[in-house]
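Q: make a model of this:
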Amino acid sequence: MQTHISFIIKTRFFHLRRIASIRRYLTHDACVKLVVSLIFSRLDYCNSLLAGLPASSIHGLQRVQNAAARLTLRKTKRDHITPLLRSLHWLPVNTRISYKLSTLVYKCLNDSAPDLEYLQSSLDLYTQPSNRPLCSAADPLRLHIPRSKLASAGQRAFPSAGPSVWNSLPLELCQSPSLDAFKSRLKTQFFP
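A: Coordinates of the predicted model:
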């Protein structure tokens with residue numbers, strides 16, 4: 001994945017330099033739309049495949065997002081990035097990955113996307129062993145996390161990464177009535 005990530009970083013910084021050259025002619029809203037369409041569309045494309053990667057691999061993508069925020073708000077490298085991301089309502093890259101995984105799991109569990117049947121078949125609700133009661137029995141939407149033979153790659157696959165992120169969410173969030181309500185509550189939950 002490192003080759004893929006390096007290519008994304010290189011091309012997105014190229015596009016950021018191009019946007020920076022015309023930034024003085026753009027309004028704030030136009031710049032946000034341009035950055036979202038050219039930078040974030042590529043950062044978010046298949047980013048759920050990056051789940052479980054080391055922070056050192058994700059750091060380069062976060063640098064791209066930070067540069068995009070500074071360019072959009074006309075700030076310097078010396079400005080702290082967290083308030084800038086918060087003012088733009090942009091989640092950090094590692095949180096965006098968790099957001100996307102959580103949204104995919106919600107769609108699979110609620111049949112919101114019929115084209116995700118192959119993913120639905122990989123998710124199983126957790127069943128309690130019959131010989132002893134567990135505290136997790138009170139959580140009806142808890143998912144079973146399968147054991148994997150490969151410690152790194154197996155835990156990054158959707159059947160393991162999706163339930164891991166899903167099980168970390170509060171129960172009231174998982175029981176959201178609609179996808180839009182779930183996304184709104186999830187972004188509130190994940191926001192730094």
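Q: show me what the helix or strand hosting residue 65 is packed against.
A: Assessed by DSSP states H and E, residue 65 sits inside helix 55-73. Helix 55-73 makes packing contacts with helix 2-22, helix 28-35, helix 41-44, helix 81-88, helix 93-109 when contacts are defined by 3 or more Cβ pairs under 8 Å, 6 or more residues apart in numbering; DSSP states H and E. Backbone N, C-alpha and C define where each C-beta goes, glycine included.
Q: pLDDT weak spots in the protein?
A: Along the chain, the model assigns pLDDT under 70 to residues 124, 126-140, 149-154, 192.
Q: so residue 183 touches residue 103, yeah?
A: Yes: counting by Cβ atoms under 8 Å, residue 103 is a contact partner of residue 183 at 6.4 Å.
Q: these two: which has the busier surroundings?
A: Neighbours per residue (other Cβ atoms under 10 Å) separate residue 183 from residue 103, with residue 103 holding more: 18 against 15.
Q: compute the inter-axis angle for the helix holding residue 65 and helix 81-88.
A: Computed with axes from the mean of the first three to the mean of the last three Cα atoms, to 10 degrees, the direction of helix 55-73 lies at 60 degrees from that of helix 81-88.
Q: list of residues touching helix 55-73?
A: For helix 55-73, the surrounding residues in contact (Cβ atoms under 8 Å, 6 or more residues apart in numbering) are 1-2, 5-6, 8-9, 12-13, 16, 19-20, 23, 28, 31-32, 35, 39-40, 43, 50, 75-77, 79, 81, 84-85, 87-88, 90, 92-94, 97.
Q: which among those residues end up buried?
A: Burial by neighbour count, 16 or more other Cβ atoms under 10 Å: within the contacts of helix 55-73 this picks out 5, 8-9, 12-13, 16, 19, 23, 31-32, 35, 39-40, 43, 50, 81, 84-85, 88, 90, 92-94, 97.
Q: returning to that earlier point: dump the helices and strands packed on helix 55-73 into JSON lines; add distance to residue 119 as well.
A: Putting these into JSON lines (distance: least, Cβ to Cβ, whole Å) gives the following:
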{"stretch": "helix 2-22", "distance to residue 119": "21"}
{"stretch": "helix 28-35", "distance to residue 119": "30"}
{"stretch": "helix 41-44", "distance to residue 119": "18"}
{"stretch": "helix 81-88", "distance to residue 119": "29"}
{"stretch": "helix 93-109", "distance to residue 119": "5"}
